[in-house]
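A.B. asks: Have a look at this prediction, sequence included:
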Protein chains: 2
Amino acid sequence: MPDTAAEITNTASLVVDLADRSYPIYIGVDLLKQPELLARHIPGDTAVVVSNTTVAPLYADALINGLSEFKKVEQIVLPDGEQYKSLEVLSTIFDALVDARCDRQTTLIALGGGVIGDITGFAAASYQRGVPFIQIPTTLLSQVDSSVGGKTGVNHPRAKNMIGAFYQPRCVIADIRTLDTLPDRELSAGLAEIIKYGLLWDVDFLDWIETNIARLRARDEAALKHAITRSCAIKADIVNQDEREGGLRALLNLGHTFGHAIEAGMGYGNWLHGEAVGAGMCMAADLSHRLEWISAADLARVYRIVAAAGLPTQSPSELSIETIRSLMDSDKKVQSGRLRLVLMHGLGSALVTDKAPEETLMQTLQNTHASAF
Amino acid sequence: MPDTAAEITNTASLVVDLADRSYPIYIGVDLLKQPELLARHIPGDTAVVVSNTTVAPLYADALINGLSEFKKVEQIVLPDGEQYKSLEVLSTIFDALVDARCDRQTTLIALGGGVIGDITGFAAASYQRGVPFIQIPTTLLSQVDSSVGGKTGVNHPRAKNMIGAFYQPRCVIADIRTLDTLPDRELSAGLAEIIKYGLLWDVDFLDWIETNIARLRARDEAALKHAITRSCAIKADIVNQDEREGGLRALLNLGHTFGHAIEAGMGYGNWLHGEAVGAGMCMAADLSHRLEWISAADLARVYRIVAAAGLPTQSPSELSIETIRSLMDSDKKVQSGRLRLVLMHGLGSALVTDKAPEETLMQTLQNTHASAF
């Protein structure tokens, strides 16, 4: 039996407030050992856990065993990697759902990182025009980013996240214990998005991150819980005000227009999303400094924090500057052919602009390219 | 320049009232010769007309020439047929949109029948998580059915309309002149849905259809305009009350659970959707009569009207009764494994029920099979 709304709100770490599509986010240690947390958000008697070949062996069995009260709990295991966030793989999810005769009351549960969350969310949005959906993010990046805000979708071979839907989950369960098995490189990728929240919204949080970056990299549970909760709260705050990316929400793409070009150019899966965002934030900081919107000291500080998180600060030598520039034009923020970038106006404060002159942008691309160092 | 809302409402035949997603439907003769009707609903400076190899040569050039004030108007021409309403063909639309660097302000215009409307609508719902969308239905069936109500999507190889979204157009333009080029068989398929509205909602309209069926088949413009307007008004009335198919909207599926099984079993494109619905309505009437919900005279009347429209009244001999029964279980109305059917309780009044005993259903499947005649 589901608890009352009040009880759920009491146990949730925060609530994303979107009227009749509001949902709770639970953040804590060993939450996957409390199956009732998940069960009370499954409305029907059938669920399908969608996971990948890396995460399924670690957590899927225990999760499914915890749902023994339900009539049918199926499992779909996808290959692991950003290159599989495609229409083709989405199609295999639909095949499995049709094969299992899943109906409109079937809840899809995404168990994995951002790729699993995004593709499963889009499958849930589209299967029979919408079935219930729950997110269990198991990477730091997906816990702080892709599980909040309802963006779902898949990549086009030439442009990231080009195809998708806005679709809200019934709940998000972020178990910090799942980060124990996360490779260091993926932990750093998650820190990129955490740094991003500080840079675009909250300079006090940026100070905290700078002070605690070693604790975070050492996976200190209290530090991680604070960083995840504060990041989700900032994102929820922004999404509450702008669910459909009319304006404010675009700020969340700080570093992403640069980063998406790097990811697409290198081929999805070669650079992690967070790594590309790390370099992308340095590129956005460089351009912000050239426009005299942040100081030289602030620029140096951005580089220092990104590097301290174990992330790249330059675009890769494998890509030419011209390729990066061209790929930036595929960004979803392009409007009527005009490139719009998220830049900083002082640390902790971001804005969307189409005012950066093309030659200044090209100077940034040259100065932040690996060949410049 | 867009007209004021009041002016649009004045010229529209009816308005589908869905708060901030309300939209006008224009129904009339030679509306495609008034490009300003279309132009005022395109918010940006870029549009893409999606059509097929049958419709594009007839209407696309004139339509695009009428939009010369816009910066860029592209064209996508798909193969013609229900079998192309697939994820694979959807993927080629996305390819073309990315190739043309279409951004979030690009309006997709569906020019064609239900297949074009459904797949283009889903492309519009999903491309960059949603771009503006306009419907120009050119078949009788799409004018009375698929262009109203916001259902978009593609078929799964084993189940119709399994993947999609609810997504409302900016406007619908139904030009009766486009029916001049429609094959007789497709005109009859459209009449199936018109008959459906009479059977499920409005017995007076059913009387009118029965009286005017010959005029409709002869493409009398005044008769067609009345039939289309009344059908759209009934559908809009139902959708206004139940956008997301909580209950009432399911009534629109009268004859469709039987019909979808026939379509899927025969392979999409072999029976037209309207033909399958024609037989499906006879099957629903047969079962309603067995349950003593409609009289023998009413049952005979349903058969007579469906036949007078030039539609099949029986399921095809190529499919076994067992195959039809099995395919019915893939229907989206199945809930927790239980088949739910839309049946009639008196002509002009439909209801959703899971009360039909399995053996009575099997009697209907046997009695309405071509082998029984």
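C.D. replies: All right, it came through fine. Residues are numbered from 1 along each chain as shown, chains lettered A, B, ... in the order given.
A.B. asks: what ranges do the helices span in the stretch 101-250 of chain A?
C.D. replies: A:114-126, A:140-141, A:184-201, A:203-217, A:221-241 (DSSP state H, counting those that start in this stretch).
A.B. asks: quick one: buried residues of the last one?
C.D. replies: Neighbour-count burial for helix A:221-241, with 16 or more other C-beta atoms under 10 Å in any protein chain shown as criterion, is recorded at A:223-239. Where you see a C-beta, it was placed from the backbone N, CA and C, and this is true even at glycine.
A.B. asks: so for stretch A:352-364, what's the average pLDDT?
C.D. replies: Summarised as a single mean, pLDDT over stretch A:352-364 is 95.
A.B. asks: Touching it from outside, list them.
C.D. replies: With contacts defined as C-beta atoms under 8 Å, 6 or more residues apart in numbering or on different chains, stretch A:352-364 is touched by A:247, A:250-251, A:283, A:286-287, A:290-291, A:321, A:325, A:333, A:335, A:338-343.
A.B. asks: Kindly write the ChimeraX command that selects the buried subset of those.
C.D. replies: Provided next is the ChimeraX selection string for whichever of those are buried by 16+ other C-beta under 10 Å:
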select /A:250,251,283,286,287,290,291,321,333,339,340,341,342,343
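A.B. asks: Mark which of the contacts of stretch A:352-364 are part of strands, please.
C.D. replies: Counting by DSSP state E, the part of the contacts of stretch A:352-364 found in strands is A:341-343.
A.B. asks: Would you reformat those as CSV and include distance to chain B?
C.D. replies: Listed next are the ones in strands among the contacts of stretch A:352-364 as CSV, based on distance: C-beta to the nearest C-beta, whole Å:
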residue, distance to chain B
A:Leu341, 15
A:Val342, 16
A:Leu343, 20
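A.B. asks: Could I get the phi/psi values of the closest residue to A:Gly113 other than its chain neighbours?
C.D. replies: Nearest residue to A:Gly113 in three dimensions, chain neighbours excluded: A:Thr139, at 3.8 Å (C-beta to C-beta, 6 or more residues apart in numbering or on different chains). Dihedral angles of A:Thr139 (phi, psi; degrees, to the nearest 10) stand at phi -120, psi 160.
A.B. asks: Now do A:Thr139, the pLDDT please.
C.D. replies: For A:Thr139, pLDDT reads 96.
A.B. asks: just checking, it touches A:Glu186?
C.D. replies: Yes: using C-beta atoms under 8 Å, A:Thr139 is in contact with A:Glu186, at 5.6 Å.
A.B. asks: Who has more neighbours out of those two?
C.D. replies: Legend: neighbour count by other C-beta atoms under 10 Å in any protein chain shown for A:Thr139 and A:Glu186, higher for A:Thr139 (29 against 20).
A.B. asks: re earlier: looking at the helices of the stretch 101-250 of chain A, which is closest to B:Ser317?
C.D. replies: B:Ser317 lies closest, by C-beta to C-beta, to one member of the helices of the stretch 101-250 of chain A: helix A:114-126, at 35.3 Å.
A.B. asks: quick one: the strands in chain A?
C.D. replies: Using DSSP E, the strands of chain A run over residues A:14-16, A:23-28, A:46-52, A:72-78, A:107-112, A:133-137, A:151-156, A:159-166, A:172-175, A:341-344, A:350-353.
A.B. asks: how near is the nearest residue to A:Ala47 once chain neighbours are set aside to A:Leu58?
C.D. replies: Using C-beta to C-beta, 6+ apart and skipping the chain neighbours, the partner closest in space to A:Ala47 is A:Thr107 (4.5 Å). Distance, A:Thr107 to A:Leu58, by C-beta to C-beta, to the nearest Å: 21 Å.
A.B. asks: Which one of the two is surrounded by more residues?
C.D. replies: For A:Thr107 and A:Leu58, the more surrounded residue by other C-beta under 10 Å is A:Thr107, and the numbers stand at 25 against 15.
A.B. asks: And that one, how close does it get to A:Arg170?
C.D. replies: Noted for A:Thr107: a distance of 7 Å to A:Arg170, by C-beta to C-beta.
A.B. asks: try A:His345
C.D. replies: Applying C-beta to C-beta to A:His345 and A:Arg170 gives a distance of 37 Å.
A.B. asks: These two: who's more crowded?
C.D. replies: Comparing A:His345 with A:Arg170 by other C-beta under 10 Å, the one with more neighbours is A:Arg170, at 19 against 14.
A.B. asks: list the contacts for the more buried one?
C.D. replies: A:23, A:41-43, A:107, A:132-134.
A.B. asks: Narrow the residues you listed to those that are buried.
C.D. replies: Here, 16+ other C-beta under 10 Å leaves A:23, A:41-42, A:107, A:132-134 buried among the contacts of A:Arg170.
A.B. asks: got TSV for those residues, with distance to B:Glu193 and pLDDT too?
C.D. replies: TSV is the format used below for the buried ones among the contacts of A:Arg170 (distance: C-beta to C-beta, whole Å; pLDDT from 0 to 100):
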residue	distance to B:Glu193	pLDDT
A:Tyr23	38	92
A:His41	39	96
A:Ile42	37	96
A:Thr107	33	98
A:Pro132	31	97
A:Phe133	32	97
A:Ile134	37	97
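A.B. asks: how about these in a markdown table, adding distance to B:Thr181?
C.D. replies: Output for the buried ones among the contacts of A:Arg170, formatted as a markdown table (distance: C-beta to C-beta, whole Å):
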| residue | distance to B:Thr181 |
| --- | --- |
| A:Tyr23 | 50 |
| A:His41 | 52 |
| A:Ile42 | 51 |
| A:Thr107 | 46 |
| A:Pro132 | 44 |
| A:Phe133 | 44 |
| A:Ile134 | 49 |
